[in-house]
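K.L.:
Build me a structure from this.
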Amino acid sequence: LLQPLLNSIPDRVRQVNVTMGYSMTLTSIFTLIKHLAQLQQTIRNRGEEVLFYHKPVLAILHALNSNGIYDSYIREIINTNKTYIDELKKALKGADFVVMSHPYMYEALKKCGVDIPFAYEAHNVEYLLKKDMYGKGPVAEQLSQAVFDAEKECCLKSEFIFSCSEEDADKLCELYGCERSKIIVVPNGVSMEDTLFTSISERKNNRKAIDITNNKIGIFMGSYHKPNLEACDYIVSIADKCPDTVFLLMGSQCNYLKDKELPKNIGLVGFASDEVKQKIFETLIPRNVRLAEAPSYGMPGLPLCAE
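P.N.:
You can find the predicted model right below:
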């Protein structure tokens, strides 16, 4: 009856929300409301200050990270967290050099009051990535400018910069005026020595040993990054329709789903060591693999997923 119902809606109704059995507990808004309630339950007052427990604050930032704002706000939280700064000072004792994997950490390094040379590991051009994710508006412009300032300072103050591509290196020089000679381009790749080749026959035997010969396995690895989170939501939405498939999610993206009610055929591995990743890949029968390491594991590199 859905199709006749939709066809009978008057033309003056411009927008229609059709929900077909998708549990409210699986939605992002449910998770956000739950964390907001927890935030209110842990509120404390110290004089005129209003204090919040850090765990629900971080959980709310995770829930709002569909636009990638978590990184920008976590920078402010870290910089005002005395406990974190004290622990960072301890970790830096005796260090001769620091590798800065994100520009958001430079303020924390300065707060420690130590003069240690560092390298900036630029996974991308962070400012351009976040600017595109934030969109338009005064808050978006403010956040984008904060990322710009942080990345610029990292580029100019670092001893050298790691970049993933020549294009990124050129863009960093164009945006921040840093010297091209201080940028070392290290293209994405894989260590062949650290991965073990597993033949198809060995994979079949491994599957028999854990009794999953009749199941398909879908693997999705990713960091806590907007496109990956959207993919997580899509996997959750289709999991009930694929009862013969076990979906394993790996990486920091699992934090996005850890407090949600998930279908029984979705498993969250979280951060996985090389040993755990090797064990999982030894059970896969290659179908469609989008993974740079795939050939070294004995899986042909093709787009999409693995069975």
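
K.L.:
Tell me where the chain has strands.
P.N.:
Using DSSP state E, the strands found in the chain span residues 44-46, 49-51, 98-100, 118-122, 160-163, 183-185, 216-221, 245-250, 266-270.

K.L.:
Tabulate these (TSV), appending mean pLDDT.
P.N.:
Below are these laid out as TSV (pLDDT from 0 to 100):
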stretch	mean pLDDT
strand 44-46	83
strand 49-51	82
strand 98-100	92
strand 118-122	93
strand 160-163	94
strand 183-185	95
strand 216-221	84
strand 245-250	88
strand 266-270	89
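
K.L.:
List the buried residues for the longest helix seen in the chain?
P.N.:
When the chain is parsed with DSSP state H, its longest helix is helix 138-157. Residues of helix 138-157 classed as buried: 140, 143, 144, 146, 147, 148, 150, 151, 152, 153, 154, 155 (neighbour count, 16 or more other C-beta atoms under 10 Å). (C-beta placed from N, C-alpha, C; glycine too.)

K.L.:
same question, stretch 200-219
P.N.:
Quick answer for stretch 200-219 (16+ other C-beta under 10 Å): 203, 206, 207, 216, 217, 218, 219.

K.L.:
what two of the residues you listed are the furthest from one another?
P.N.:
206 and 218 (17.0 Å; C-beta to C-beta).

K.L.:
quick one: the longest helix of the chain to chain centroid distance?
P.N.:
20 Å (C-alpha atoms, centre = their mean, to the nearest Å).

K.L.:
Output the contacting helices and strands for it.
P.N.:
helix 70-79, helix 106-111, strand 118-122, helix 126-134, helix 166-176 (3 or more C-beta pairs under 8 Å, 6 or more residues apart in numbering; DSSP states H and E).

K.L.:
residues making contact with that helix?
P.N.:
69, 71-72, 75, 100, 103-104, 106-107, 118, 120, 122, 125-127, 130-131, 134, 161, 172, 175-178 (C-beta atoms under 8 Å, 6 or more residues apart in numbering).

K.L.:
Residue 37: which of the buried residues of stretch 200-219 is nearest?
P.N.:
Relative to residue 37, and with distances defined as C-beta to C-beta, the nearest of these is residue 218, at 33.3 Å.

K.L.:
Quick check: bridge partners of that closest one?
P.N.:
In this entry, residue 218 is beta-bridged to residue 247, by DSSP bridges.

K.L.:
just for the chain, where's the confidence low?
P.N.:
1-3, 19-23, 26, 62-70, 73-74, 79, 190-192, 210-214, 284-307 (pLDDT under 70).

K.L.:
was I right about residue 180 contacting residue 169?
P.N.:
Yes - under the criterion of C-beta atoms under 8 Å, residue 180 makes contact with residue 169 at 6.8 Å.

K.L.:
More neighbours: which of those two?
P.N.:
Counted by other C-beta atoms under 10 Å, residue 180 and residue 169 do not tie: residue 169 has more neighbours, with 21 against 10.

K.L.:
Closest to the centroid, which residue in the protein?
P.N.:
residue 224 (1.3 Å; C-alpha atoms, centre = their mean).

K.L.:
mind checking how far that one is from residue 271?
P.N.:
11 Å (C-beta to C-beta, to the nearest Å).

K.L.:
quick one on the thing from earlier: can you add distance to residue 235 and give the buried residues of helix 138-157 back as CSV?
P.N.:
What follows is these, written out as CSV (distance: C-beta to C-beta, whole Å):
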residue, distance to residue 235
140, 28
143, 28
144, 30
146, 32
147, 29
148, 34
150, 32
151, 32
152, 37
153, 38
154, 34
155, 36
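
K.L.:
what about burial for the contacts of helix 138-157, which qualify?
P.N.:
69, 71-72, 75, 100, 103-104, 106, 118, 120, 122, 125-127, 130-131, 134, 161, 172, 176, 178.

K.L.:
For residue 51, list the residues it contacts.
P.N.:
43, 44, 45 are the contacts of residue 51 under C-beta under 8 Å, 6+ apart.
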